[in-house]
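Peer 1: quick check, what structure comes out for this input:
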Amino acid sequence: MRGVNPMKTTLLLSLVLVGLWTGACDDSGGRVDRLDVQDRDLPSDLADTLGDTAGTEVDVGLDSSTPDIPDDETTPLLGPPYPIVLAHGMGGFEYLAGIEGISYFYGVRERLEAEGEVVFVTAVDPLNTTEVRGQQLADGIATYLQESHYAKVNLIGHSQGGLDARWVAHHYPKLVSSVVTYATPNHGSKLADVVLGIVADDRVQDAIDALVNIFGVALYDELGAESSFFAPLRLFSQDGIAAFNQEITDAPDVAYYSVAGRSGNHGGGLDCLEVDRPQFILDWQFVVDPVDLLLAVPEAILRGPSLLDPIPNDGMVRVADAKWGRFLGCVPADHMDEVGQLLGDAPGTSNDWDHVQFFVDLVGFLRAEGH
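Peer 2: Numbering: from 1, shown residues only. Okay, here's the model as predicted:
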């Protein structure tokens with residue numbers, strides 16, 4: 001009988017724990033509950049918008065047909081500054097195990113609203129394909145725009161949420177002014193290929209998914225029974241992301257930006273050097289982040305074997321794989337610190353990274369860009 005590789009086992013457990021924890025909640029405050037545009041009547045302007053796709057047929061097993069729309073064009077749609085939509089990553093719903101106050105974008109919504117921003121926090125299936133999550137995100141946005149009378153939104157997606165945001169912008173471009181992908185595996189993640197290689201047997205994958213669903217019911221309510229830990233991993237694999245990027249092209253009238261995280265006491269090197277980095281990114285260029293124990297193994301795998309030339313990453317996604325559109329640069333945070341997890345704890349010794357201030361500055365940047 002073959003021995004168990006402790007490093008591979010630790011990696012798999014780390015990914016499961018991070019996937020379950022960092023996404024086990026969102027910042028909706030109970031205001032969003034699986035909004036579905038098919039259940040609502042939309043103004044005709046918005047119906048035309050939702051029905052205008054980028055030319056690719058939407059078929060994800062959901063009803064994406066345009067609903068019956070009353071002929072009502074009396075209310076003009078509001079222009080910029082557009083609302084901010086925060087889209088969570090792999091995992092994610094309302095509250096972790098029903099405990100209020102444990103939110104995905106920890107403290108971000110409250111601070112942005114205190115700054116006078118209009119913020120909408122989405123909740124989609126915690127562990128599923130981006131096709132399913134993206135359609136759910138589009139449904140929620142369309143319903144929100146109906147109620148708020150804004151013409152568009154700005155999408156900020158963390159991790160898989162960035163892929164969901166790109167999916168929405170591709171299929172429903174008139175709903176979106178800008179997309180920011182934050183620590184998103186836009187070019188995949190080596191970790192996905194490693195894990196899929198470790199657990200190549202479909203029967204073993206099904207067994208792990210069954211366990212994830214058992215725990216998911218406690219963490220996410222009934223949505224936990226619909227989850228698949230391996231569905232997003234297949235998307236993040238090199239083959240999966242290549243197919244995704246070939247299909248989900250950028251919408252010409254949507255602005256795309258990206259930000260990456262760097263950890264492991266690494267300054268980022270050439271991967272993080274961009275000529276047009278905004279000041280709120282430059283402010284963090286000399287700050288480094290120590291490796292979080294939970295991410296030590298995946299960070300080491302992504303870093304590579306060279307001690308003299310390590311590959312910068314946030315413990316889940318390499319900097320090079322996070323780049324999309326206009327790359328704004330790197331921040332000194334691992335994949336959890338980027339959104340204030342766990343529970344808003346300090347990112348590490350000598351690191352004064354402030355994820356909430358980062359979101360304030362990022363939104364300020366979008367406003368200056370006309371979004």
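Peer 1: CA only for contacts and neighbour counts going forward, please
Peer 2: Will do.
Peer 1: can you tell me which residues contact residue 362?
Peer 2: Residue 362 sits next to residue 280 when contact means CA atoms under 8 Å, 6 or more residues apart in numbering.
Peer 1: looking at this, it is in a strand?
Peer 2: No. Under DSSP: H, G, I helix; E, B strand; the rest coil, residue 362 falls outside any strand and is assigned helix.
Peer 1: what mean pLDDT would you report for the one helix or strand residue 257 maps to?
Peer 2: Assessed by DSSP states H and E, residue 257 sits inside strand 255-261. Per-residue pLDDT over strand 255-261 has a mean of 98.
Peer 1: who does it pair up with?
Peer 2: strand 176-182 (parallel), strand 326-331 (parallel) (DSSP bridges).
Peer 1: need the next SSE after it, C-terminal direction.
Peer 2: With DSSP H and E, the next secondary element past strand 255-261 is helix 279-282.
Peer 1: elements contacting that following helix?
Peer 2: Counting contacts by 3 or more CA pairs under 8 Å, 6 or more residues apart in numbering; DSSP states H and E, helix 279-282 packs against strand 326-331, helix 355-368.
Peer 1: ok, residue 310 - contacts?
Peer 2: Contacts of residue 310 (CA under 8 Å, 6+ apart): 303-304.
Peer 1: and it, how far from residue 117?
Peer 2: The gap separating residue 310 from residue 117 is 39 Å, by CA to CA, to the nearest Å.
Peer 1: list the contacts of the helix or strand containing residue 161.
Peer 2: Assignment of secondary structure by DSSP H and E places residue 161 within helix 160-171. Outside of helix 160-171, the residues within contact range by CA under 8 Å, 6+ apart are 52-56, 58, 87-90, 130-131, 133-135, 137-138, 155-157, 175-176, 179-182, 184-186, 232, 248-251, 254.
Peer 1: can you check stretch 269-276 too?
Peer 2: Applying CA under 8 Å, 6+ apart, the contact partners of stretch 269-276 are 312, 319-320, 327-330.
Peer 1: now, of the helices and strands packed on helix 279-282, which is deepest in the fold?
Peer 2: Among the helices and strands packed on helix 279-282, the stretch with the highest mean neighbour count (mean count of other CA atoms under 10 Å) is strand 326-331, at a mean of 25.
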